[in-house]
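Enquirer: can you look at this prediction? I've put the sequence above it.
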Amino acid sequence: MMKGSFGKHFLELTFATLFISTSGVLGKHIALDPPVIIWCRAFLALFVLYFYCRHKKISLKIQSNKDLPTLLLSGIFMAGHWVTYFYALKLSNVALGILSLYTFPVITALLEPLFVQSKLSLVQVFLGLLILMGVYVLLPEFDIENDQVLGVLVGVFSALLYALRTLLLKQHVKKYSGTVIIFHQMIIVSVLLVPFLFLMNVTAIPSQIPYLLVLAVITTAVGHTLFVKSLNFFEVSTASIISSLQPIFGIILAYVFLNEIPSVNVYAGGFIILFTVVIESLRSKKS
C-alpha cells in the first residue's frame, strides 16, 4: 500500500470507528423500543445505500446463489446483534453496553477454528478467560435482577452474534464491496423486524426522526460501509486494534451528550477487555 493511500485508508477506518461509536449515545437516547429503532435504522439506511449505489453505478446483484445462505444467516445475526445491543444500552448505560459488546474480537478468535482449518491455542483460551474476568469486574454485583448486570450479559450475547456475523462475512469481503454487503443486510434486517411494528408502540417515531436519520446515515450507512471497506486494505487484526477506540469514543460521547460518568469498576473492567483485544490483535497479526 502506498504511503498516501495508507494515510487515506487509515483515516477512513478511524472515522468509521468514530461514526459506529455514536450508536451507544443514540441507542440510549432514542425514545423507542430497540426492535423499532433497529427497523427504522435499517429501513432508512437501505434507501441511502440504494441511491448511493445507483449514483456510483455499483451493481447490487449477488453473483452466485451459493452466497445467499451465508449472507442471509449473517443478516439474521446482524439483526439479533443490533437489537440485543440496544437492549443492553437501555438496561445499563453506554459505557457498560459498549464495553460488554467489545468482547467480540476475542469471542471471534475463539470461534474461528469452527469456521476455518485452525487450532485453538492456549493463548486464546487464556485471553478468553481474561475477557471473562474483565466482564466480571464490569459488574457492580452478580445479581440477575440488577438491570446493569442484565445489560452486561445481554451485551456479551450481542457480541457473540456479532462475532458469528463477522466470521460468516469474512469469505465475502473480497468478492463484494462493503456497500453491497451492508445493503443486503439492511434488507434482511428490515424484513425480519417488520412484525415488531405491529406489536410495539410506534407513535413516537415522528419526534425521533432527526436521531434516527443520524443513526441510519452516519452510524450505519457511512460507518459500517467504511469499516467493511477497510478490511480490503488492512488485516482483520489491524482493524480490530484501531476499532478498539470505539468504546473510548462511545464513553466520551456519552459523557458529553448524556452526562454519564463511568464508575471505577467500569474503568478497570474496560481496561482489561481493551488490553485483551489489543493483545489478541497483535498476536494474530504476528501469526
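Expert: On my side now, so go ahead. Numbers count the residues shown, from 1 in each chain.

Enquirer: from here on, just use CA atoms for contacts and neighbour counts.
Expert: Fine.

Enquirer: and the contacts of stretch 98-106?
Expert: The contact list for stretch 98-106 (CA atoms under 8 Å, 6 or more residues apart in numbering) reads 24, 85, 89, 124, 127-128, 131, 135, 152-153, 155-160, 162-163, 240, 244, 247, 250, 270, 273-274, 276-277, 280.

Enquirer: do stretch 198-214 as well
Expert: 26, 30-33, 36-37, 40-41, 44.

Enquirer: one more: stretch 157-171?
Expert: By CA under 8 Å, 6+ apart, stretch 157-171 touches 70-71, 73-75, 77-78, 80-82, 84-85, 100-105, 107-108, 111-112, 115.

Enquirer: for stretch 228-236, C-alpha coordinates in CSV please.
Expert: The C-alpha coordinates for stretch 228-236 follow below in CSV (Å, rounded to 0.1, in the frame of the first residue of the first chain):
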residue,chain,number,x,y,z
VAL,A,228,-16.2,-3.3,5.9
LYS,A,229,-14.3,-1.5,3.1
SER,A,230,-11.3,-1.1,5.3
LEU,A,231,-11.0,-4.9,5.5
ASN,A,232,-9.8,-4.8,1.9
PHE,A,233,-6.8,-2.7,2.9
PHE,A,234,-6.0,-3.8,6.5
GLU,A,235,-5.7,-7.2,8.2
VAL,A,236,-8.6,-8.0,10.4
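
Enquirer: just want the most central residue of this structure.
Expert: Geometric centre of the chain, nearest residue: Y162, 6.4 Å, by CA atoms, centre = their mean.

Enquirer: returning to what we had before: from the contacts of stretch 157-171, which would you call buried?
Expert: 70-71, 73-75, 77-78, 80-82, 84-85, 100-105, 107-108, 111-112 (16 or more other CA atoms under 10 Å).

Enquirer: for the contacts of stretch 198-214, pick the one with the most neighbours.
Expert: Ranked by the number of neighbours (other CA atoms under 10 Å), the contacts of stretch 198-214 place I37 first, at 27 neighbours.

Enquirer: quick one: which helix or strand includes that residue?
Expert: helix 34-56 (DSSP states H and E).

Enquirer: which positions within that helix qualify as buried?
Expert: 34-50, 53.

Enquirer: what's downstream of that helix, the next helix or strand?
Expert: helix 68-91.

Enquirer: now do the following helix or strand past that following helix against helix 68-91, angle only.
Expert: Tracing the chain C-terminally past helix 68-91 and defining elements by DSSP H and E, one meets helix 94-101 next. On the basis of axes from the mean of the first three to the mean of the last three CA atoms, to 10 degrees, helix 94-101 is oriented at 150 degrees to helix 68-91.

Enquirer: quick one: name whatever helix or strand follows helix 94-101.
Expert: helix 104-111.

Enquirer: so which bits of the helix or strand following that next one are buried?
Expert: Next in sequence after helix 104-111, counting helices and strands by DSSP H and E, comes helix 122-138. Across helix 122-138, burial judged by 16+ other CA under 10 Å covers 124, 127-128, 130-132, 134-138.
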